[in-house]
Every structure is written in C-alpha cells, then in structure tokens.
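Asker: next input, structure requested:
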Amino acid sequence: MAGRNATSTRLAVCIRNDGYPVSLERLKLYRLLPDPEAAKHRQVRVVEESGDDYLYPADYFVVVRVPEAVERAVTAAPDA
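Answerer: Below is the predicted model of the structure:
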C-alpha cells in the first residue's frame, strides 16, 4: 500500500483470550506497540481499552493490514 513505511501502526486481531477474558476480546482489532524484548519471548505489547499497554502471548493475535483510513481512525481514537 503506497505511503506506508516501517513506522506504520501495527494492528492485530485477537484470535484467543484464554486466561484473559476480561482484558482481551476475541475478534477485536488491537494496536500493537514495538517491543523487541517481548518478541524474544514470543509476546506482543498490546494497547487495551484503558489506553494502557500490556504483554500477551503473540499467538493470541494475527497482524493484519487495513486500509489507511482505518489505520488513521484507530490511531486517532481517544485511547490511542
């Protein structure tokens, strides 16, 4: 997609929430923050509803590419 670069927001869909039913909603789109140290441990840093970020197992999410308009809307949300 034209106009995107390495600093584009990464978005992911939650596909599992075992052990985190209150914190994670299956099939919901979440914003991921870069965290190389977490990645070494097969985790991702996810921004939750509260606007805070937490680590979760990477296999609970599938990174997705969305149209730029969706990306802008997600990053412009009040909790972003």
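Asker: mean confidence for the longest helix that the chain contains?
Answerer: Scanning the chain for the helix with the most residues, using DSSP state H, yields helix 68-76. This predicted structure assigns helix 68-76 an average pLDDT of 83.
Asker: which stretches in the protein count as strands?
Answerer: According to DSSP state E, the chain carries its strands in the segments 10-14, 29-33, 43-47, 53-57, 61-64.
Asker: hang on, the earlier thing: buried stuff in the longest helix of the chain?
Answerer: For helix 68-76, the buried set under the neighbour-count rule, 16 or more other Cβ atoms under 10 Å, comprises 71, 74. C-beta coordinates here come from the backbone N, C-alpha and C atoms, glycine included.
Asker: now that helix: how far from the chain's centre is it?
Answerer: Its chain's C-alpha centre and that of helix 68-76 lie 13 Å apart, by Cα atoms, centre = their mean, to the nearest Å.
Asker: the chain should start at 3 in everything you say after this.
Answerer: New numbering, starting at 3: the last item is helix 70-78.
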